[in-house]
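Novice: predicted coordinates and the sequence they were generated for:
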Amino acid sequence: MRHFVFGLCFVLAGFSAALAQGGEKGGREIGPIRSSSAFAEVSLRKAELEAEIESYLADYTEQNPKVIDARNELRFLVGDLDRIFAVRPTEVARLTEALGKMIVRRAALEADVERLMRTYSKDHANVKRAKRKTAIFESAIREILG
């Protein structure tokens, strides 16, 4: 578990460093992306999760389900931020508030699937149902982002 925490910290540190750079990531201009509604929506949820994790860690260990669930959702959001930054600056119009809300909702659903998988097998009806819901959101996101 410690490796996961250190790995997550490493990913978040890299993300923060990219934001601190002169507005570029991988040679791309990210200024317009950072001012998009989708980025704001996802960043808001990311900040909420980071605050929740800090709060949880005051009372719980890393193995607590609340901490695990919040870290899983955060992990999915960080991956989605990379997807947002992959959008060409000429296509920033795609990064709407609705897209941001879909990304946040899909990350929460992915975390729910992870939570259910700790209790049930992958063939359980609840897990299958949660995966289908997640797939619907992922399909809608992919349709927008290409």
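Specialist: Perfect, I can see it now.
Novice: report the next helix or strand after the host helix or strand of Ile33 in sequence order.
Specialist: According to DSSP states H and E, Ile33 maps onto helix 31-34. Once the chain leaves helix 31-34, the next helix or strand it forms, by DSSP H and E, is helix 37-59.
Novice: packing partners of that following helix?
Specialist: When contacts are defined as 3 or more Cβ pairs under 8 Å, 6 or more residues apart in numbering; DSSP states H and E, helix 37-59 packs onto helix 65-85, helix 97-119. The way it works is simple: take the backbone N, C-alpha and C, and place the C-beta from them, glycine included.
Novice: give me that answer again for 10 Å
Specialist: In this structure, helix 37-59 makes packing contacts with helix 2-20, helix 31-34, helix 65-85, helix 97-119, helix 125-145, judged by 3 or more Cβ pairs under 10 Å, 6 or more residues apart in numbering; DSSP states H and E.
Novice: how about those helices in CSV, adding mean neighbour count?
Specialist: As requested, these are exported to CSV (neighbours: other Cβ atoms under 10 Å):
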stretch, mean neighbour count
helix 2-20, 12
helix 31-34, 17
helix 65-85, 19
helix 97-119, 19
helix 125-145, 14
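Novice: once you drop chain neighbours, what's closest to Phe137?
Specialist: The spatial neighbour of Phe137 that comes closest, neighbours along the chain excluded (Cβ to Cβ, 6 or more residues apart in numbering), is Arg106 at 3.8 Å.
Novice: wait, isn't that neighbour in contact with Arg45?
Specialist: No: with the criterion set as Cβ atoms under 10 Å, Arg106 and Arg45 do not qualify as a contacting pair; they are 11.1 Å apart.
Novice: what do these two both touch?
Specialist: Taking Cβ atoms under 10 Å, 6 or more residues apart in numbering as the contact criterion, the residues that touch both Arg106 and Arg45 are Leu77, Asp80.
Novice: show me what the helix holding Ile33 is packed against.
Specialist: Counting contacts by 3+ Cβ pairs under 10 Å, 6+ apart, the secondary-structure elements packed against helix 31-34 are strand 24-25, helix 37-59, helix 65-85.
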